[in-house]
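**Student:** Fold the following, please.
(one chain, ligands or ions: 1)
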Amino acid sequence: MKEIHHWIDGAEYKGTSGRFSDVFNPATGEVQARLSLATKAELDHAIARAAEAQVKWGATNPQRRARVMMEFVRLINRDMDQLAEVLSSEHGKTFPDAKGDIQRGLEVIEFCVAAPHMLKGEFTDSAGPGIDMYSMRQPLGVVAGITPFNFPAMIPLWKMGPALACGNAMILKPSERDPSVPLMLAKLLQEAGLPDGVLQVVNGDKESVDAILDSPVIQAVGFVGSTPIAQYIYERAAATGKRAQCFGGAKNHMIIMPDADLDQAADALVGAGYGAAGERCMAISVAVPVGEKTADALIEKLVPRIEKLKVGPWTAGNDIDYGPVVTKAAKENILRLVQSGVDQGAELVVDGRDFSLQGYENGFFVGPHLFDRVTPDMDIYKTEIFGPVLSTVRAGSYEEALKLAMDHEYGNGTAIFTRDGDTARDFASRVNIGMVGINVPIPVPLAYHTFGGWKKSGFGDLNQHGPDAFRFYTRTKTVTSRWPSGIKEGGEFNFKAMD
Ligand code: NAD
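**Tutor:** This is a model prediction of the structure:
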């Protein structure tokens, strides 16, 4: 059985804990590797070595650090197919979607090439007589990234790019479900010129996470994952004086106004609801048609599209729409929630419960589901299902639809489909959700803007990537300097005491 270990001090580091976690091939259900889970001592070793390496890296001028990022971009592009294959084989998502996962991370690395500009600081000339004032952005030291299974390339890249470009060292603790791509990225960074020890990839579970949270050396924690863990990490990191940004789960609503182009809306819903088997934090999981007529017409357009979806293994290439979910436990949880929807009175318009794929009977495939007449008290509405299940909640008016999205505890993303600019503006302005799409179903901001949800979808006050990332991974030092009148006034010939 293949074993996967850690990346410490620029080399593979064999774990000694004797504790392992299974890495599956979600398409077949087979265990394809076992992952070594770090001990606290191994983690402390990685942190100590990172702290040593950071001193020189932090003092390296920003342009040189940016050049490492530039070369990293080239290498990721060079190895794109190989990275995507490994990503698909552990995660299960389609090959084109795996490339998209890498691409959206790569774009953040491209943005990090601008580190010298982003780190320039501020300067006030003559703030007083002979006084200048300037603010510098300095690295924090050693920081940690803890990442989820669903974007095994993109989110580690969102963490490591800005952290390293700012001059920090990073301990990356990737998801134990699909750990290989982060290790490949660490190797590429070494090839790009990153000094050994500056990025340490330590695999592990709660034990490693807790050791990160309690380490007095770690200065900041960037987390992405489910909400209960995000909140736990935020609170425990804050209790030990760390800076923390923790992004959690989602339940993204898409409002469909009566004037929307319903074909466009239906196409958008199918892609955003079922793409990546619904395992995206920006997936649309709730459709909110406004008015009974809109709802009836939308369902009519959705059903044939959903029934045509092709579900299969990533090895089928471009020929499939989505693959399996990540684990058997995830599949069981999705089917349990679907059953609760039926039991609680929602109308299951497309039933994917009996889905099975010849030759892949043990794979973690879940057929597509569509619910109609879902109400806010149902578990399928309240819970993040993280599977190919779209719920329709019918709203009587725009205000009712807006209130629905606003009252949900999650606030990651949302979208509105309409032809009316006034409605769209009103929605974007009033909704209490971090990322808003207008006729765009998955409004993931590009690398030079920032990404982050509100309410229970995000803990902390700075977003991921874009300018916020450079703020998160640096601290500001402000210098006030006064130079009293000196030599330029002319020579002093008398021997004077200091005063
Ligand atoms: P998860 O919370 O199970 O795991 C995330 C990370 O936390 C992993 O590295 C895992 O090892 C670690 N972890 C798990 N349990 C822990 C515990 N008890 N104590 C300490 N650490 C623990 O999340 P996941 O299943 O890997 O990812 C899916 C979730 O991530 C979904 O809820 C999804 O919405 C969310 N997500 C959010 C965003 C965002 O930007 N808001 C982006 C992607 C995914």
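**Student:** Quick one: name the residues of the stretch 1-150 of the chain near the ligand.
**Tutor:** 146-150 (Cβ under 6 Å from any ligand atom). C-betas here are computed from N, CA, C, even on glycine.
**Student:** let's see it at 5 Å
**Tutor:** Selection of the stretch 1-150 of the chain residues close to the ligand by Cβ under 5 Å from any ligand atom yields 146, 148-150.
**Student:** Name the nearest of those relative to the ligand.
**Tutor:** Of all these, Pro148 has the smallest distance to the ligand: 3.1 Å, by Cβ to the nearest ligand atom.
**Student:** Find the nearest non-adjacent residue to the closest one, please.
**Tutor:** Spatial nearest neighbour of Pro148, chain neighbours left out: Gly225 (4.3 Å); criterion: Cβ to Cβ, 6 or more residues apart in numbering.
**Student:** Near the ligand, which residues of the stretch 201-350 of the chain are found?
**Tutor:** Where the stretch 201-350 of the chain comes near the ligand, counting by Cβ under 5 Å from any ligand atom, the residues are 206, 209, 224-226, 229, 247, 249-250, 281.
**Student:** Those: which two are farthest apart?
**Tutor:** Lys206 and Ala250 (22.6 Å; Cβ to Cβ).
**Student:** before we move on, the earlier item: the residue nearest to Pro148 contacts Gly248, doesn't it?
**Tutor:** Yes: the pair Gly225 and Gly248 passes the contact test of Cβ atoms under 8 Å, sitting 7.0 Å apart.
**Student:** Compare these two (neighbour count), which wins?
**Tutor:** Gly248 (27 against 22; other Cβ atoms under 10 Å).
**Student:** before we move on, back to that, so which of the residues of the stretch 201-350 of the chain next to the ligand are in strands?
**Tutor:** 224, 247 (DSSP state E).
**Student:** and after the one helix or strand Asp125 maps to, which helix or strand comes next?
**Tutor:** Assigned by DSSP states H and E, Asp125 belongs to strand 122-128. Following strand 122-128 in sequence order, the next helix or strand is strand 131-139 (DSSP H and E).
**Student:** ok, back up a step: looking at Lys206 and Ala250, which has the bigger crowd around it?
**Tutor:** Ala250 (30 against 10).
**Student:** Show me which of the residues of the stretch 1-150 of the chain next to the ligand is closest to Ile380.
**Tutor:** Asn150 (19.6 Å).
**Student:** Sort out which residues of stretch 112-128 are buried, please.
**Tutor:** Neighbour counts over stretch 112-128 (16 or more other Cβ atoms under 10 Å) mark 112-115, 118-119 as buried.
**Student:** mind listing what the residue lying closest to Met69 once chain neighbours are set aside touches?
**Tutor:** Closest residue to Met69 apart from its sequence neighbours, by Cβ to Cβ, 6+ apart: Cys112 at 4.6 Å. Listed by Cβ atoms under 8 Å, 6 or more residues apart in numbering, the contact partners of Cys112 are 66, 69, 161-162, 164-165.
**Student:** hang on, the earlier thing: which pair in the buried residues of stretch 112-128 has the greatest spatial separation?
**Tutor:** When Cβ to Cβ is used, the two most widely separated members of those are Val113 and Leu119, lying 12.3 Å apart.
**Student:** mind checking pLDDT for the residue of the chain found nearest the ligand?
**Tutor:** Closest residue of the chain to the ligand, Cβ to the nearest ligand atom: Gly225 (2.6 Å). As predicted, Gly225 sits at a pLDDT of 98.
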